[in-house]
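> this is a predicted model, with the sequence first.
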Amino acid sequence: MFKTLDDLNPEQRVLVRLDLNSPVEDDEVQDNRRFDRHAETVRELADAGHRVVLMAHQGRPGGDDFVSLEQHAAILAKHVDHDVQFVADTYGDEAIDAIESLSAGEVLLLENTRMCDEELPEEDPEVKADTEFVQTLAPYFDAYINDAYSAAHRSHASLVGFALELPAYAGRVMQTEYEANSSIATREFDGQVTMVVGGTKATDVINVMNNLGDKVDQFLLGGIAGELFLRAAGHEVGFDLDGMDFFDDQWEANRDTIESLLDERGDQIKLAVDLAYEDDNDERAEIAVSDIDEKDRAYLDVGSETVETYDPIIRDSEAVFVKGALGLFEDERFSVGTVGVLRAISETDCFSVVGGGDTSRAIEMYGMDEADFGHVSIAGGAYIRALTGAPLAGVEVLK
Ligand SMILES: Nc1ncnc2c1ncn2[C@@H]1O[C@H](COP(=O)(O)OP(=O)(O)O)[C@@H](O)[C@H]1O
Ligand SMILES: O=C(OP(=O)(O)O)[C@H](O)COP(=O)(O)O
């Protein structure tokens, strides 16, 4: 497959790509589990006495979250429990000086790779390897390590270029994410495979459903995608506030796929039998889907009876994959669906993968233990692609 840190020679000068891309609020970078996960790889390399130079990106040029990595260095240092130096340069003289003055066991983070013009355009690895960015930095290193699984679907210089110029290895995060997230495409499970589908990115998850073929036995739906399927089944859901076309647009974009999925695999697709909304007293109220006769309100969660029908399906499964929350779980009143399915997963010993930054946050928010899940992914887009067996550029060059 690919080489890992177990194959690395001692005392190397290593160039390591992490994915520390994080939410930024009021110019402050928010700590999140990406730091915690990558800290493991960084600590292992520093403790082994390598000279460790880190690369990562933040935001996209033009966005409010397109900021320097200076704060990331401080947050990472806390998680690694080890000093992380920072240099505000990617491959210029300042960066090279800092790289050359590193001692064994020291860690240095370079500036946001997306501040370098050659990083971003999606191009073939050979083109990326030929950039000044890669050609300038590579000679200062003995090995390249890619730990940025969650960015590995991008063919950017720091993710694919160095792997062609240097001996290339997968970091610990890359290794575990790859194995767990590809398993729906690569592994044979003895029993029932179930996928929980929800969240707001309806087009993404509907494409996943459409591409999974016979790998999944049961889909349990909620969130926006769930409402679109209910609409296709003839129910008056998918309410848009005045002046908004969110549901109508999603419906137009996905209608054909939804109708053919229901036609061909309708018995494998479980839809909510009841839904929850906010009543006039700001409280959670529920209604049976069969009693909905007008499209006049927004639904924010699946109902309790739906959870009761989903629960035994999960408990009977050999493997469960989650993509997207079943409701607006950040508001406790509408967390019943999401927490209900996650709790059922955590209480069984099925193989499970929970993906997507937002959905996986529900685990800690509602006091569940990550250790009760097979794998909690820190990837969004890369996880979606892996589920359907699509190759990831950054992984392919490691192979
Ligand atoms: N019915 C709903 N109405 C509004 N928001 C919803 C609903 N169902 C799910 N969500 C929201 O979907 C978000 C997660 O969806 P998404 O962004 O697709 O997944 P992820 O971030 O896990 O990849 C959650 O933050 C949740 O609040
Ligand atoms: O956060 C990321 O992806 P995600 O939002 O799919 O989890 C990655 O860092 C990739 O970032 P990008 O989507 O700006 O290329």
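Yep, that arrived. Numbering: from 1, shown residues only. Ligands and ions are numbered 1, 2, ... in the order given.
> break the protein down into its structural domains.
Each domain of the chain is listed here as a residue range: 5-177, 187-368, per the TED database.
> how far away is the residue of the chain most remote from its centre from I287?
In the chain, counting by CA atoms, centre = their mean, D293 sits farthest out from the average C-alpha position, at 37.0 Å. Here D293 is placed at a distance of 10 Å from I287 (CB to CB, to the nearest Å). Every residue, glycine included, has its C-beta placed from N, CA and C.
> kindly report the same for L387.
In this view, L387 and I287 are 32 Å apart by CB to CB.
> ok, now T194?
Using CB to CB, T194 is found at 26 Å from I287.
> I258: helix or strand, and which one exactly?
If you go by DSSP states H and E, I258 is part of helix 246-265.
> which elements pack onto that helix?
helix 202-211, helix 223-232 (3 or more CB pairs under 8 Å, 6 or more residues apart in numbering; DSSP states H and E).
> can I get that helix as CSV, trimmed to CA atoms?
These are the backbone C-alpha positions of helix 246-265, laid out as CSV (Å, rounded to 0.1, in the frame of the first residue of the first chain):
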residue,chain,number,x,y,z
PHE,A,246,-33.1,26.6,-0.7
PHE,A,247,-35.4,23.5,-0.7
ASP,A,248,-36.7,24.2,-4.2
ASP,A,249,-33.2,24.5,-5.6
GLN,A,250,-32.0,21.3,-3.9
TRP,A,251,-35.1,19.6,-5.1
GLU,A,252,-34.5,20.6,-8.7
ALA,A,253,-30.8,19.6,-8.5
ASN,A,254,-31.5,16.2,-7.1
ARG,A,255,-35.0,15.2,-8.2
ASP,A,256,-34.0,12.7,-10.9
THR,A,257,-31.5,10.9,-8.8
ILE,A,258,-33.9,10.8,-5.8
GLU,A,259,-36.7,9.4,-8.0
SER,A,260,-34.6,6.7,-9.6
LEU,A,261,-33.1,5.7,-6.1
LEU,A,262,-36.6,5.4,-4.7
ASP,A,263,-37.7,3.4,-7.8
GLU,A,264,-34.8,1.0,-7.8
ARG,A,265,-33.9,0.7,-4.1
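> adjacent strands (with direction) for the following helix or strand past it?
Next along the chain after helix 246-265, taking DSSP H and E as the criterion, comes strand 269-270. Next to strand 269-270 in the sheet, as set by DSSP bridges, lie strand 218-221 (parallel).
> any part of the partner strand near ligand 1?
No - under the criterion of CB under 6 Å from any ligand atom, strand 218-221 makes no contact with ligand 1; the nearest approach is 10.6 Å.
> quick revisit: please see if the helix holding I258 touches ligand 1.
No - using CB under 6 Å from any ligand atom, helix 246-265 stays clear of ligand 1, with a minimum separation of 9.9 Å.
> ends of stretch 286-306, what's the gap?
By CA to CA, to the nearest Å, the extent of stretch 286-306 from end to end equals 11 Å.
> mind listing what's buried along it?
Neighbour-count burial for stretch 286-306, counted by 16 or more other CB atoms under 10 Å, picks out 286, 289, 292, 299-303, 306.
> mind pulling up the pLDDT for the residue nearest to S158 when sequence neighbours are not counted?
Take S158 and drop its neighbours on the chain: the residue closest to it by CB to CB, 6 or more residues apart in numbering is T113, 4.4 Å away. pLDDT recorded at T113 is 98.
> which bits of the chain sit near ligand 1?
Within the chain, the positions near ligand 1 by CB under 6 Å from any ligand atom are 198-201, 223, 299-300, 324-325, 327-330, 356-359, 380.
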